[in-house]
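Student: Model the following, please.
(one chain, ligands or ions: 1)
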Amino acid sequence: MTRLYNGPMPIADGPPVSVLPGTGAKQHTLANSVRCSGVGLHCGDPIAVRMHPAPADTGVRLRRADVPNAPPIQANWANVRETPLCTTLADGVTQIATVEHLLAALAAMGVDNADVEVHGPEVPIMDGSAAPFVFLIECAGRAPQQAARRAIRIEKPVTVHDTAQDRSAALAPGSNGLTLDVTIAFNSPAIGQQARTARLDAHTFKRDLARARTFGFLAEVDQLRAVGLALGGSLDNAVVIDDDRVLNTEGLRYPDEFVRHKMLDSVGDLFLAGAPIMGRYTGRRTGHALNRRLLAALFADPEAWSWIDDPGDTRHEAVHGAGPALPERAVAQRE
Ligand SMILES: [Zn+2]
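Tutor: Presented below is the predicted three-dimensional model:
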């Protein structure tokens, strides 16, 4: 069954729905195939995305459907190619840009396994938020699978810095689940300094984070277009700031929409660990590149993390001690 969504942006308010992950320890995939279409932020062309159910232990794989025989690319930090403004997955044959908002929605909605076909070089930007992808996942529904879900538990603090730019990102042991603590600081009075903490679950994500849009400064947009980027960017898919003003006539969706979007981005970035992370994430003026460095530092230290089963249960038991560093092990779990 395929359902089509390319209508107006859904408003992701309202009570929890049946798609919410429960406390179950099972992996989940999509119950049905779904598709949507939208404009690519960078190329400016219309692009369709199809998402399909996938077997347990395969993780999220994205494939260029417009390139004959293109292999799927695992959504894993080891496959990230650093590009300006967005997260790009690449395998040496093809690449797919702007994956982060889709991955954030899959992560937060508890979808462990899915095959994603992208009919172009990037995932469409939609309205600049994760809300359309949450809507898609809700349309598809979630289906439990036999295999147990495994999570990555943080065992000791890991921090990476960009001291020149006064940025840092850290993971530390925490209670069950993932807690996000994010701070941003911009010179523009339209943003200023914003901080927010949230414990990630599907309902909180949907209510508090999913609708927060990506943002940029008008002067930067002009520079990007001059080099052929952000050709699809508009006030329909980004909050655009000119000095101390938000140019979008509809205003902001949340008073602190900017920090909420950074949290959304971090959820997508951390999903590239290859499994849900259990611990506390702290981001200070962080971004995609620093978050990727954080995962690299985490998996470079085998004592910093362990696999656990059953993240919905409080009686977690470590099933592995220290072992070989990722990416080999995490990727192996997903193939
Ligand atoms: Zn973003």
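Student: Put the alpha carbons of the helix or strand harbouring residue 279 into PDB.
Tutor: Using DSSP states H and E, residue 279 falls within strand 277-284. Backbone C-alpha positions of strand 277-284 (Å, rounded to 0.1, in the frame of the first residue of the first chain) are rendered in PDB as follows:
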ATOM      1  CA  ILE A 277      21.900   6.600  22.200                       C
ATOM      2  CA  MET A 278      21.100   6.500  25.900                       C
ATOM      3  CA  GLY A 279      22.700   9.300  27.800                       C
ATOM      4  CA  ARG A 280      22.900  13.000  28.000                       C
ATOM      5  CA  TYR A 281      23.900  15.200  25.100                       C
ATOM      6  CA  THR A 282      25.100  18.700  25.600                       C
ATOM      7  CA  GLY A 283      25.600  21.000  22.600                       C
ATOM      8  CA  ARG A 284      27.100  24.500  22.900                       C
END
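Student: For it, which outside residues touch it?
Tutor: The set of residues external to strand 277-284 that reach it, using Cβ atoms under 8 Å, 6 or more residues apart in numbering, is 151-154, 166-174, 176-183, 262, 266, 270, 290-291, 308, 311, 316. C-beta: built from backbone N, CA, C; applies to glycine.
Student: Pull out the buried members of those residues.
Tutor: Of all the contacts of strand 277-284 considered here, the ones buried according to neighbour count by 16 or more other Cβ atoms under 10 Å are 151-154, 167-172, 174, 176-183, 262, 266, 270, 290-291, 308, 311, 316.
Student: Okay, and which of the residues you listed map to strands?
Tutor: With strands identified by DSSP state E, the entries of the buried ones among the contacts of strand 277-284 that belong to them are 151-154, 167-172, 178-183, 308.
Student: tell me the contacts of the residue most central in space within the chain?
Tutor: For the chain, the residue whose C-alpha lies nearest the mean C-alpha position (Cα atoms, centre = their mean) is residue 268; its distance is 1.5 Å. When contacts are counted by Cβ under 8 Å, 6+ apart, residue 268 touches 87, 99-104, 107, 130.
Student: neighbour-wise, which of the residues you listed leads?
Tutor: Using other Cβ atoms under 10 Å as the neighbour criterion, residue 130 leads the contacts of residue 268 with 33 neighbours.
Student: can you narrow the contacts of strand 277-284 to ones near the ion?
Tutor: Here nothing survives when the contacts of strand 277-284 are matched to the ion using Cβ under 5 Å from the ion.
Student: Give the buried residues for stretch 217-233.
Tutor: By neighbour count, with 16+ other Cβ under 10 Å as the criterion, the buried positions of stretch 217-233 are 217, 221, 224, 229-230, 232-233.
Student: Need the contact partners of that stretch.
Tutor: By Cβ under 8 Å, 6+ apart, the list of residues contacting stretch 217-233 from outside reads 39-45, 84-85, 125, 188, 216, 240-242, 247.
Student: Show me the helices in the stretch 151-300 of the chain, by range?
Tutor: Across the stretch 151-300 of the chain, reading from the start of the chain, the helices by DSSP state H, counting those that start in this stretch fall at 202-204, 218-226, 257-271, 288-300.
Student: Any chance of JSON lines for those, columns mean pLDDT?
Tutor: Rendered in JSON lines, the data for the helices of the stretch 151-300 of the chain read as follows (pLDDT from 0 to 100):
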{"stretch": "helix 202-204", "mean pLDDT": "94"}
{"stretch": "helix 218-226", "mean pLDDT": "81"}
{"stretch": "helix 257-271", "mean pLDDT": "96"}
{"stretch": "helix 288-300", "mean pLDDT": "95"}
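Student: re earlier: anything in the strand holding residue 279 sitting right up against the ion?
Tutor: No. Remark: strand 277-284 sits outside contact range of the ion, by Cβ under 5 Å from the ion, the gap being at least 12.9 Å.
Student: what pLDDT, on average, does that strand get?
Tutor: Averaging pLDDT along strand 277-284 yields 96.
Student: okay, residue 175: pLDDT?
Tutor: As predicted, residue 175 sits at a pLDDT of 78.
Student: distance of it from the ion?
Tutor: Spatial separation of residue 175 from the ion under the definition Cβ to the ion, to the nearest Å is 27 Å.
Student: Three-state assignment for residue 125, please.
Tutor: Of the three states, residue 125 takes coil under DSSP: H, G, I helix; E, B strand; the rest coil.
Student: Put the alpha carbons of stretch 297-306 into PDB.
Tutor: Written as PDB, here are the backbone C-alpha positions of stretch 297-306 (Å, rounded to 0.1, in the frame of the first residue of the first chain):
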ATOM      1  CA  ALA A 297      35.400  10.300  19.500                       C
ATOM      2  CA  LEU A 298      32.800   8.200  21.200                       C
ATOM      3  CA  PHE A 299      33.400   5.100  19.100                       C
ATOM      4  CA  ALA A 300      37.200   5.600  19.300                       C
ATOM      5  CA  ASP A 301      37.000   4.900  23.000                       C
ATOM      6  CA  PRO A 302      35.600   1.400  23.600                       C
ATOM      7  CA  GLU A 303      35.200   2.200  27.300                       C
ATOM      8  CA  ALA A 304      32.900   5.200  26.600                       C
ATOM      9  CA  TRP A 305      29.900   3.100  25.500                       C
ATOM     10  CA  SER A 306      28.300  -0.300  25.500                       C
END
